[in-house]
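Asker: Have a look at this prediction, sequence included:
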Amino acid sequence: QVQLVESGGGLVQAGGSLRLSCAASGRTFSSYAMGWFRQAPGKEREFVAAIGRNGASTLYADSMKGRFTISRDNAKNTVYLQMNSLKPEDTAVYYCAAATKFVYPTSSDSRYDYWGQGTQVTVSS
């Protein structure tokens with residue numbers, strides 16, 4: 001079992017930045033990949049970014065490349081999502097997820113077996 005708790009969401013103006021955190025507990029954090037997804041109202045959940053178990057490998061959705069950075073601190077059992085140059089279309093609930101059977105980053109949500117409760121990010125224009 002893995003428990004995931006996100007934090008760091010909030011309201012920010014367009015062009016601003018936020019850093020999301022996701023604290024994990026349960027299984028050995030350094031043994032599996034982690035990812036971030038988001039879901040805007042009326043839209044399907046979409047992949048944002050993922051990171052391998054040791055942090056050396058990362059994967060991003062094309063629309064996030066250059067603006068978002070995923071990282072992890074295995075000593076703190078935490079994964080982060082630094083979001084810069086935020087746009088109103090980035091408004092969504094952001095979820096972190098654990099892919100406990102995978103060591104490399106993956107964009108497929110079916111490979112993630114544990115999910116956090118989500119944190120709201122709202123970007124005003």
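Answerer: Arrived safely.

Asker: Please list all residues in contact with the most centrally placed residue in the chain.
Answerer: The centroid of the chain falls nearest to Trp36 when counting by CA atoms, centre = their mean (2.3 Å). Listed by CB atoms under 8 Å, 6 or more residues apart in numbering, the contact set of Trp36 reads 20, 22, 48-50, 70, 79, 81, 94-97. Every C-beta, even on glycine, is put in place using the N, C-alpha and C of the backbone.

Asker: ditto for Cys96
Answerer: Cys96 neighbours (CB under 8 Å, 6+ apart): 4, 6, 20, 22, 34-37, 79, 81, 115-116.

Asker: cool, and Val48?
Answerer: 35-38, 60-61, 64, 68, 70, 81, 94.

Asker: Tell me which of the residues you listed fall in strands.
Answerer: Counting by DSSP state E, the contacts of Val48 place 35-38, 60, 68, 70, 81, 94 in strands.

Asker: Need the max-distance pair from these.
Answerer: Tyr60 and Tyr94 (14.2 Å; CB to CB).

Asker: Hmm, Ile51 and Ser107 touching each other?
Answerer: No. Applying CB atoms under 8 Å, one finds Ser107 not in contact with Ile51, separated by 11.6 Å.
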